[in-house]
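K.L.:
Sequence plus predicted model, see below.
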Amino acid sequence: MRYIEAVRLEALVYLCNCNGIRERDARAAIDAGAVKPAEVFRHCQAKPQCAKCVCDMRRMIQESKDTLRYAAE
């Protein structure tokens, strides 16, 4: 899959069905400094409900940290 297609797909994929938070919304929150799922919810003006998305948010936060760590090397 090409990068452009992946970016378009991410814009469409829901991370949190309860609150309608898309992956791009969570990534924007993480890029703005969110380091916990609660901060992602706050950034998106939402509250956790069923919490099924929390593991995915943690994964995205960790991936972001890993990317920054590798970039600093």
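P.N.:
In hand now; what should we look at?

K.L.:
For the single longest helix found in the chain, give me every contacting residue.
P.N.:
In terms of residue count, the longest helix belonging to the chain (DSSP state H) is helix 54-72. Defining contact as CB atoms under 8 Å, 6 or more residues apart in numbering, one finds that helix 54-72 is touched by 15, 23, 26, 27, 30, 31, 34, 35, 36, 37, 40, 48. Every residue, glycine included, has its C-beta placed from N, CA and C.

K.L.:
go with 7 Å
P.N.:
Counting by CB atoms under 7 Å, 6 or more residues apart in numbering, helix 54-72 makes contact with 15, 26, 27, 30, 35, 37, 40, 48, all of which sit outside it.

K.L.:
Just the buried residues out of those, in ChimeraX syntax.
P.N.:
The ChimeraX selection below is limited to those of the contacts of helix 54-72 classed as buried (16 or more other CB atoms under 10 Å):
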select :15,26,27,30,37,40,48
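
K.L.:
sorry, back to before: same question for the longest helix of the chain, mean pLDDT?
P.N.:
Helix 54-72 shows a mean pLDDT of 91.

K.L.:
Can you point out the buried residues in it?
P.N.:
In helix 54-72, counting by 16+ other CB under 10 Å, buried: 54, 57, 60, 61.

K.L.:
mind checking how far that helix is from the chain centre?
P.N.:
The gap between the average C-alpha position of helix 54-72 and the chain average comes to 9 Å, counting by CA atoms, centre = their mean, to the nearest Å.

K.L.:
same deal with stretch 66-73?
P.N.:
Here stretch 66-73 shows a centroid-to-chain-centroid distance of 18 Å under the convention CA atoms, centre = their mean.

K.L.:
What of stretch 36-43?
P.N.:
On the basis of CA atoms, centre = their mean, stretch 36-43 is displaced by 9 Å from the centre of the chain it belongs to.

K.L.:
Mind checking the pLDDT average for it?
P.N.:
For stretch 36-43, mean pLDDT is 98.

K.L.:
Is it correct that residue 46 is in contact with residue 19?
P.N.:
Yes: judged on CB atoms under 7 Å, residue 46 makes contact with residue 19 at a distance of 3.8 Å.

K.L.:
No more questions from me, cheers.
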